[in-house]
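**Student:** everything below, folded, please.
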Amino acid sequence: MSQMLRKLRRAEEGAVAVFAALGFFFLVVSTGAVIDVNAALKERARLQSALDGGLLAAMQEKIPRRGANESEQAYADRLSAFREQVEQFLRDHITHLMKGADGASNLEGAPTVTLTIDPENASMHAEASVKVRMPFTGSFFTEPVKIGAGAEARTGYGSIEVALVLDTTGSMWGSKIAELRGAAKEFIDIIHDNAQASNGQQTYKIAIVPFAQYVNIGTSFENAWWLSGDNHHPSWHGCVGSRIYPHNVKDGNYSIAKMVAVRNVSCPNAITPLTEVDDSGQVLLKARIDALSANGWTYIPAGLVWGWRALSHKAPFTQGATDQDVKEKNVRRIVILMTDGANTRSPTYPKHSGWNTTLANNLTTEVCDKIKATNPATGKRHADIITITFQVNNTTIKNLLKNCATMGSYDVGSGGLSSVFNNIAQQLVKLHLSM
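**Tutor:** Have a look, this model is predicted:
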């Protein structure tokens, strides 16, 4: 009996050893698999970043356009040569950026790049793949892992049109308005420099819409057909109030409900219409930013709705792209709203002398919803919205503006505006890079 027990014990010990060995094996394999998966994800991210950056850089070279007297074959040959040039640039760019800090690379062979060019829409689509040695399975298998990525860059020979809707109320006085001036001018410089670097393929237009309790459209519209009220009075300085609801939250129907000029009220600097950010436009826009001064109470809907109107191609302001261009070309409209506080005034029609903040907040939400609604004429939003709350403590308005935004909402304290405007400018610069 004792001999049988000893044999059984030895058999059990052997089984335990086998299971332990198998367990150790599976542990090693699973750990190695995790290492390889993480490595593959890291390499794919590096490939995607390299492809995105390379394609964006390649777009600085203008896609060839067919000459008026150029034959179809001659243009096809020129386009093919351009494609081969860009593909080689992308292969070299990916190879360089996927090297480690020590110059070593995990790539097996050269990257594969396939480029498709759409001259009509001024866009390029690239697919890239690389073969990478994995740290774990690479020790057992000679075949590397294939990793792929895709990117599309578009310029569309169109434009990005931006309305900077800036709070210049009395609470912005002093260091706040100084910080806003500096941040907004940096924003303009970044946009200008990118426009210059794109060799005309990417154009930008910026409107400046200062707001407080009212908005100032400028006295040059004194005789405009869409304006009524005090516009012919000597003491009118360009201030406008609200049309009767619901026209006050719309862009249109000015023959039915005209804009209303108001006098004996305080309003900010006049709106600067959409201005192309070329050399002269850069100087003009920065000068208008420098001229901003702080005064008055806060009524956010006035700024929002006039930011929308500044982007429109319809009167009162007509510098925006037509609906047809928005639909057929790569044109993007964006309202950037910056405020340092909550609504403190509400409309009494046409003036804004009420104190009903609930009404003002409701109208703010309604204007937001209308701006980001789909325009039936284009199939796209009337405009996207970015919101910035600057040294704001009121959670109601912060949440309201966060829900208003379609392209990001920022809440910053003192000293944070420069970074936010810089980030937004970089975001706009990369708008035509997708996938």
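
**Student:** what stretches of the protein score poorly on pLDDT?
**Tutor:** Within the chain, the segments meeting pLDDT under 70 span 1-37, 39, 60, 100-104, 121, 134-142, 154-158, 198-201, 431-435.

**Student:** cutoff 50 now
**Tutor:** In the prediction, the chain carries residues with pLDDT under 50 at positions 5, 8, 25, 29, 32, 156-157, 434-435.

**Student:** can you list the domains in this protein?
**Tutor:** 12-64+71-154, 159-434 (automatic domain parsing).

**Student:** now the helices for the stretch 151-300 of the chain?
**Tutor:** Counting by DSSP state H, counting those that start in this stretch, the stretch 151-300 of the chain has these helices, from start to end: 175-197, 279-290, 300-311.

**Student:** next, format these as JSON lines and append mean neighbour count.
**Tutor:** For every residue, glycine as well, the C-beta is placed using N, CA and C. As requested, the helices of the stretch 151-300 of the chain are arranged in JSON lines below (neighbours: other Cβ atoms under 10 Å):
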{"stretch": "helix 175-197", "mean neighbour count": "19"}
{"stretch": "helix 279-290", "mean neighbour count": "17"}
{"stretch": "helix 300-311", "mean neighbour count": "28"}
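
**Student:** name the nearest residue to residue 212, ignoring sequence neighbours.
**Tutor:** For residue 212, ignoring the flanking residues on the chain, the nearest one in space by Cβ to Cβ, 6 or more residues apart in numbering is residue 296 at 3.1 Å.

**Student:** repeat for residue 43
**Tutor:** residue 132 (5.0 Å).

**Student:** thought residue 338 was touching residue 390?
**Tutor:** Yes: under the contact definition of Cβ atoms under 8 Å, residue 338 touches residue 390, with a separation of 6.1 Å.

**Student:** now for these two: what residues contact both?
**Tutor:** Taking Cβ atoms under 8 Å, 6 or more residues apart in numbering as the criterion, residue 338 and residue 390 both touch 167, 180, 417.

**Student:** so where do the strands sit in the stretch 151-300 of the chain?
**Tutor:** 159-167, 203-211, 215-216, 227-229, 239-240, 259-261, 272-276 (DSSP state E, counting those that start in this stretch).

**Student:** using JSON lines, lay out the ones you listed together with distance to residue 146 and mean neighbour count.
**Tutor:** Formatted as JSON lines, the strands of the stretch 151-300 of the chain follow (distance: least, Cβ to Cβ, whole Å; neighbours: other Cβ atoms under 10 Å):
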{"stretch": "strand 159-167", "distance to residue 146": "37", "mean neighbour count": "27"}
{"stretch": "strand 203-211", "distance to residue 146": "39", "mean neighbour count": "26"}
{"stretch": "strand 215-216", "distance to residue 146": "57", "mean neighbour count": "24"}
{"stretch": "strand 227-229", "distance to residue 146": "65", "mean neighbour count": "18"}
{"stretch": "strand 239-240", "distance to residue 146": "62", "mean neighbour count": "26"}
{"stretch": "strand 259-261", "distance to residue 146": "61", "mean neighbour count": "23"}
{"stretch": "strand 272-276", "distance to residue 146": "45", "mean neighbour count": "21"}
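
**Student:** can you redo the ones you listed as JSON lines with distance to residue 173?
**Tutor:** As requested, the strands of the stretch 151-300 of the chain are arranged in JSON lines below (distance: least, Cβ to Cβ, whole Å):
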{"stretch": "strand 159-167", "distance to residue 173": "12"}
{"stretch": "strand 203-211", "distance to residue 173": "14"}
{"stretch": "strand 215-216", "distance to residue 173": "18"}
{"stretch": "strand 227-229", "distance to residue 173": "29"}
{"stretch": "strand 239-240", "distance to residue 173": "20"}
{"stretch": "strand 259-261", "distance to residue 173": "27"}
{"stretch": "strand 272-276", "distance to residue 173": "21"}
